[in-house]
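[1] Any chance you could fold what I've pasted below:
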Amino acid sequence: MKGMRNHSTNNPTIAMIIPIRVNRIRVDRVVISARSSNSPLKIISPKGEFTYNNSFINTLLKSCYQNLFPLVLSEGGIMGLRLYLVKRLLVAVVLFVTVLIFNFFLFRLPIFVLGMDPMSLYTTPDMEAETVARLREIYGIPSRDAGFWAWFDHFILYVKNMLTLEFGQSFVSFNPVINDIMSRMPNTIMLMGVSTVLMIVVGVITGIIAASRYGSKIDTGLITIGLSLYSFPIFFIGMLLLLVFGFYIPLFPIGHSISWPLPPDPISYAIDYGWHMFLPTVTLTLGFFGGYMLLMRNTLVEVLVEDYILTARAKGLQERTVIFKHGLRNAFLPLITVIAISFAFIVSGAVLTETVFAWFGMGRLLYQSLLSYDWPVSQAIFWMIAVSVISANIIADLLYGVLDPRIKYG
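    Alright, predicted model coming up:
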């Protein structure tokens, strides 16, 4: 161990280089700026710099390297990713509660504002009062003039259903809502999953090409194409593809997710399913890849003028190495949140696209439930979307720290 002492009488400083290992991780050096025995202690290691009081040195050496999560410096001391995750989860709980309350009143406003009773859509005036009362009991719908405690019990039942995924019974299909959702979820995940991956891949690749040829005709052409397609309504692109490739050049079916009767074997079923999914997938990819392209291009253009990029080019590195090894990682960070939220919306489906192509998915189910005022289905889908988006934001925040070591949780 080597030491150096600053002989200034006012502010003595001791810098010590300690080549030791704690739990197989090396501690490079310890810096003490001390006026007393309780002065702060700084430990510099491959995982970062950590400052503690001298009295906490043993605790620091143990917790710093036994913890599975990286510790980082904050104003109040040292806070790890674990504590940050707890804080984010607490915020998420507040958001979940807010969404629960908002979701409850959103679909019941017509009752209080317009005086519209959903039971009036599914009953007739000549029905006996006992029958209507029995239907209210089955569906759990209090009347407008019901007392506070009746509506409070209805709210408690609603919260229980949302948290346990027992969303009640549909007013239209008379099936449990979860059954209607699960029957359409695979189609939506397949369509939205493939489309989301394609639009991200195409957008990122075209964005990199445009940024690497900044100011050229290729850059201008890609921006023009991306902005033009992004500005078109998605239903217009879908109907145009249907008109051309489903009617004038009948290469693809004009609707539904599978042929009838069903194909006899799994291979034929998969081919027929992909045949039906082709046009909706192309519609979503063409309609949304432009957003990813523009974001990728703009962030990469900003990164490519940074000093470290100029240094890399001055060293004689190939342009491909400069872009992919040094520039792309930092340029990709703003896309993390956008991509995370995009995947979160997979469960919601594409309302307009699924309606245009009569795709048997969640988006079309949501559209039909809103038209028929089938609030058990609508509120269930809205709740699933909210949970997915909030969870995706938490994951995106954590990924920022993994991909960018400069980000500190504090």
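
[2] Would you mind listing the buried residues in the host helix or strand of residue 205?
    Element membership of residue 205, judged by DSSP states H and E, is helix 177-212. Within helix 177-212, the residues that count as buried by 16 or more other CB atoms under 10 Å are 177-178, 180-181, 184-185, 187-188, 190-192, 194-196, 198-200, 202-204, 206-212. Glycine gets a C-beta too; all of them are placed from N, C-alpha and C.

[3] Follow the chain on from it and name the next helix or strand.
    Later in the chain than helix 177-212, the nearest helix or strand by DSSP H and E is helix 217-231.

[4] Counting by contacts, list what the one helix or strand residue 153 maps to packs against.
    Taking DSSP H and E as the criterion, residue 153 maps to helix 148-164. Under the contact criterion of 3 or more CB pairs under 8 Å, 6 or more residues apart in numbering; DSSP states H and E, helix 148-164 touches helix 81-106, helix 375-403.

[5] which one of the ones you listed is the most hemmed in?
    Of all the helices and strands packed on helix 148-164, helix 375-403 has the most neighbours on average by mean count of other CB atoms under 10 Å, namely a mean of 19.

[6] Give me the packing partners of that helix, helices and strands only.
    Judged by 3+ CB pairs under 8 Å, 6+ apart, helix 375-403 is in contact with helix 81-106, helix 148-164, helix 177-212, helix 333-344, helix 362-371.

[7] now the third one: how far from the chain's centre is it?
    Spelled out, it's helix 177-212. 12 Å (CA atoms, centre = their mean, to the nearest Å).

[8] Also compute the angle for it relative to helix 217-231, please.
    Orientation check (axes from the mean of the first three to the mean of the last three CA atoms, to 10 degrees): helix 177-212 against helix 217-231 gives 160 degrees.

[9] what is the orientation angle of helix 177-212 with helix 375-403?
    Going by the same axes, to 10 degrees, helix 177-212 makes 40 degrees with helix 375-403.

[10] now the shortest one
    Between the direction of helix 362-371 and that of helix 375-403, the angle (the same axes, to 10 degrees) works out to 140 degrees.

[11] And helix 362-371, what does it pack against?
    Partner elements for helix 362-371 (3+ CB pairs under 8 Å, 6+ apart): helix 177-212, helix 351-356, helix 375-403.

[12] Quick check: buried residues in it?
    362, 363, 364, 365, 366, 367, 368, 369.

[13] and if you look at the second one?
    Of the residues in helix 148-164, 151, 155, 158, 161, 162 count as buried by neighbour count, 16+ other CB under 10 Å.

[14] hmm, back to that, turn the helices and strands packed on helix 375-403 into TSV, columns for mean pLDDT and distance to residue 125.
    Output for these, formatted as TSV (pLDDT from 0 to 100; distance: least, CB to CB, whole Å):
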stretch	mean pLDDT	distance to residue 125
helix 81-106	85	28
helix 148-164	86	23
helix 177-212	92	28
helix 333-344	81	44
helix 362-371	89	23
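
[15] now those helices as a markdown table including distance to residue 140?
    Shown next, in a markdown table, are the helices and strands packed on helix 375-403 (distance: least, CB to CB, whole Å):
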| stretch | distance to residue 140 |
| --- | --- |
| helix 81-106 | 12 |
| helix 148-164 | 6 |
| helix 177-212 | 12 |
| helix 333-344 | 29 |
| helix 362-371 | 17 |
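
[16] Closest to residue 398 out of the buried residues of helix 148-164?
    residue 162 (25.4 Å; CB to CB).

[17] Okay, that closest one and residue 187: tell me how far apart.
    In this view, residue 162 and residue 187 are 24 Å apart by CB to CB, to the nearest Å.

[18] Tell me where the stretch 1-150 of the chain is predicted with low confidence.
    1-82, 115, 118, 121 (pLDDT under 70).

[19] give me that answer again for 90
    Within the stretch 1-150 of the chain, the stretches with pLDDT under 90 are 1-92, 105-150.

[20] Which residues are in contact with the spatially most central residue of the chain?
    In the chain, the C-alpha closest to the average C-alpha coordinate belongs to residue 341, at a distance of 2.7 Å (CA atoms, centre = their mean). Shown in contact with residue 341 (CB atoms under 8 Å, 6 or more residues apart in numbering): 389, 392, 393, 396.

[21] Just put the residues you listed in JSON lines and tack on pLDDT and distance to residue 383.
    Putting the contacts of residue 341 into JSON lines (pLDDT from 0 to 100; distance: CB to CB, whole Å) gives the following:
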{"residue": "389", "pLDDT": "86", "distance to residue 383": "11"}
{"residue": "392", "pLDDT": "84", "distance to residue 383": "15"}
{"residue": "393", "pLDDT": "83", "distance to residue 383": "16"}
{"residue": "396", "pLDDT": "79", "distance to residue 383": "21"}
